[in-house]
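[1] My questions concern the predicted model and sequence given below.
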Amino acid sequence: MHRGQPHGTRAGPARCGDRDAVVAVNGADGAARRPSRVLRVAGPLVEMEYAGDTAMYDVVSLGTSGIPGEVVSISDGVVTAQSYEYTGGLAPGAEARSQGAPLSAALGPGLLGGVFDGLLRPLSGSGDWLLPGAARDRATARGWSFVPTVGEGGQVAEGSVLGEVRDRGPVRLRVLVPPGVSGVVEHIAPQGSYGQDAVVAVVGGTEVRLTTSWPVRRPRPVRTRGGEPEALHTGQRVIDLLFPVARGGTVAVPGGFGTGKTMLLQQIAKWCDADVIVYVGCGERGNEMADVIAELSALEDPRTGGRLADRTVTIANTSNMPLMAREAGIHTGATVAEYFRDMGLDAVLIADSTSRWAEALREFASRTGALPAEEGYPAGLASAIAAFYERAGAVTTLGGERGSVTVIGAVSPPGGDMTEPVTAHTERFVRGVWSLDRELAYARHYPALSWAESFSRDAAPLADRRTAAGDPAWSARRDRLAAVLAEADRLADLVELVGITALPDSERVSVLAGRLVREGVLQQSALSANDAYCGPGKAAALADSVLAVIDRCRERVASGVPAAAVEAADFGTVLRAREEVGPHDAAGVAARRETMLARLGELR
């Protein structure tokens, strides 16, 4: 079921001065809301009286402890809400109060380097387990360094930069004029240290604070979308050479259990050249998520030399956390990524995994009595998936700068069934698929990305950009690698039936060529200092080196050298180059290629 903004509900942007809708007692307009009574509690599903000022998707506060929930139905004077937290102790007769606003995320300083739940509340760690967070602490105890960039009396439009917030990390945050606001700068705070809720500017009568709120299910506005495609370099050769993704693109990563989805996504988070990483752990095991967080916190950022965590936002909704918070976490992550995009930054949103999010939609639909469709999923599953991936894109922001949100979503099909609804619908809406293969994973080939089942719709437009950037051979190189792999796959079944010695010499070289491409180019070790990341120069050099060796092998066989003699040659000089030369050492790869070509020339 697509849970976007319905007709007839509040559609205006959250005001900059609003408190976080999850923890506020008053509504978005600041007026006190009339309380009602809880009528029935059935697990996380709570029914309460209609108080006359409640709308669909409003956040409600339940009981004396203020358990947050979301309105999912209004019928015959009864409001049904889905709780974001455990409802133990909540009983009929308890007070319930509407917030008068949809679920909103508090966006401002303190996000980078933090770990949050699906409602963007901080999580604390204890051993290998993540503990649910209390209401977000927005106290002003910590000060943030604000530097104004405009003066009082100036005319500004929506999206204009009012000042910068400086922290220890590499990302310089900007305070922007909110959407829908423009006019004269009536007040601007002087340079100094301010709390998160401090008013740092007044524009056209509207207060602008360091921290603002935005409804998580409503995409943030932009001036325009599209433009010249630009590649997002991931540092993973099989992706950058064969299945590239553009900044602002969308990619699905389907794969069964044990195929290495989480490992691949972690490698992209570590090494891609985005400005900000938003990592959403949706429904994963708690100890696994804790390992991801610990590793990201300990890693050095190769771009800055600081901590990688200083430009990463982690949203963790593990399998033992409430269902509705898991469902909201995907939208919260998209909102956070858009917040950084609006500053003119390139953000990558990694969702691991969207299948667990879809399962939350299915369970929610069954609780509310919605008519089930395929495999029990709600009929609006396709719309919900499309709405999520549509939040990606390269844009011109309201302030006139270029920014992007790239969405990479893992899909975990039960039993590896790629025809199940979540995988099938996702492949309809994304521009690329990096399909993981169980047999490759079991053969210890990582990343276990299937070159036969994967595709990239960004490859063609990016080829033109590569040519303009000085690499005119990129498209031809990609085509040759794909052709070598396809021919080797075609012969693989035949080899299993009749054996390699029954093939003609030319086809034996084709089988050898497939092995050289797989082991010398596509395979990559996440544990190797030289191979975990591969620069574009080294990736091109490795591919050109292996292709040159394949051509020399074909020449030698065509000149009368037996295929068995070529197969017996030691190709380690070329195959070990990926691990033995540095991440950017294209010259070292070229030197090894010349050595190997000379050795093949001596075969008789």
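    Yep, it's here. Worth saying up front: this structure is predicted, and the values here are computed from it rather than measured.
[2] Which parts of the protein belong to which domain?
    The chain breaks down into these domains under automatic domain parsing: 36-102, 139-210, 224-451, 474-601.
[3] Out of the ones you listed, flag the one nearest Ala468.
    Distance to Ala468, taken as C-beta to C-beta, is lowest for domain 224-451 among those, at 9.3 Å. Backbone N, C-alpha and C define where each C-beta goes, glycine included.
[4] now the end-to-end length of that closest one.
    34 Å (C-alpha to C-alpha, to the nearest Å).
[5] follow-up on the earlier one: I'd like to know which of the domains of the chain is closest to Val115.
    That would be domain 224-451 among the domains of the chain, by C-beta to C-beta, at 4.6 Å.
[6] Determine how far that closest one lies from the middle of the whole chain.
    In terms of C-alpha atoms, centre = their mean, to the nearest Å, the centre of domain 224-451 is set 4 Å apart from its chain centre.
[7] taking the mean pLDDT, what do you get for it?
    Averaged across domain 224-451, pLDDT comes to 91.
[8] Let the chain start at 807 from now.
    I'll keep to 807 as the first residue from here, and by that count the last item is domain 1030-1257.
[9] can I get the domains of the chain in TSV with mean neighbour count?
    TSV is the format used below for those (neighbours: other C-beta atoms under 10 Å):
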stretch	mean neighbour count
domain 842-908	18
domain 945-1016	17
domain 1030-1257	21
domain 1280-1407	17
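[10] Distance to Val1022 added to those, as a markdown table?
    Formatted as a markdown table, the domains of the chain follow (distance: least, C-beta to C-beta, whole Å):
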| stretch | distance to Val1022 |
| --- | --- |
| domain 842-908 | 8 |
| domain 945-1016 | 15 |
| domain 1030-1257 | 4 |
| domain 1280-1407 | 32 |
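[11] Quick one: closest of these to Asp923.
    domain 1030-1257 (5.7 Å).
[12] What's the end-to-end length of stretch 1166-1184?
    With C-alpha to C-alpha as the measure, the first residue of stretch 1166-1184 is 10 Å from its last.
[13] At the geometric centre of this structure, which residue do we find?
    Taking C-alpha atoms, centre = their mean, the centroid of the chain lies closest to Ile1156, which sits 1.8 Å from it.
[14] Okay, it and Leu845: tell me how far apart.
    Per C-beta to C-beta, to the nearest Å, Ile1156 is found 41 Å from Leu845.
[15] before we move on, what about Ser1351?
    72 Å.
[16] now swap in Cys1078 and tell me
    50 Å.
[17] and if you look at Val1395?
    Separation of Val1395 from Leu845 (C-beta to C-beta): 70 Å.
[18] swap in Thr1012?
    Distance, Thr1012 to Leu845, by C-beta to C-beta: 39 Å.
[19] Torsion angles phi and psi at the residue nearest to Ala857 when sequence neighbours are not counted?
    Leaving out its chain neighbours, the residue that sits closest to Ala857 by C-beta to C-beta, 6 or more residues apart in numbering is Ser842, at 4.1 Å. Per-residue torsions, Ser842: phi -130, psi -180 (degrees, to the nearest 10).
[20] C-alpha coordinates for the helix or strand where Asp1097 lies, PDB please?
    Using DSSP states H and E, Asp1097 maps to helix 1092-1104. Extracted in PDB, the C-alpha atoms of helix 1092-1104 (Å, rounded to 0.1, in the frame of the first residue of the first chain):
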ATOM      1  CA  GLY A1092      21.000  -6.500  15.500                       C
ATOM      2  CA  ASN A1093      24.500  -8.000  16.000                       C
ATOM      3  CA  GLU A1094      25.200  -7.700  12.200                       C
ATOM      4  CA  MET A1095      24.100  -4.100  12.200                       C
ATOM      5  CA  ALA A1096      26.300  -3.400  15.300                       C
ATOM      6  CA  ASP A1097      29.200  -4.900  13.400                       C
ATOM      7  CA  VAL A1098      28.500  -2.500  10.400                       C
ATOM      8  CA  ILE A1099      28.400   0.500  12.800                       C
ATOM      9  CA  ALA A1100      31.600  -0.500  14.600                       C
ATOM     10  CA  GLU A1101      33.400  -1.000  11.300                       C
ATOM     11  CA  LEU A1102      32.300   2.300   9.800                       C
ATOM     12  CA  SER A1103      33.300   4.100  13.000                       C
ATOM     13  CA  ALA A1104      36.800   2.600  12.900                       C
END
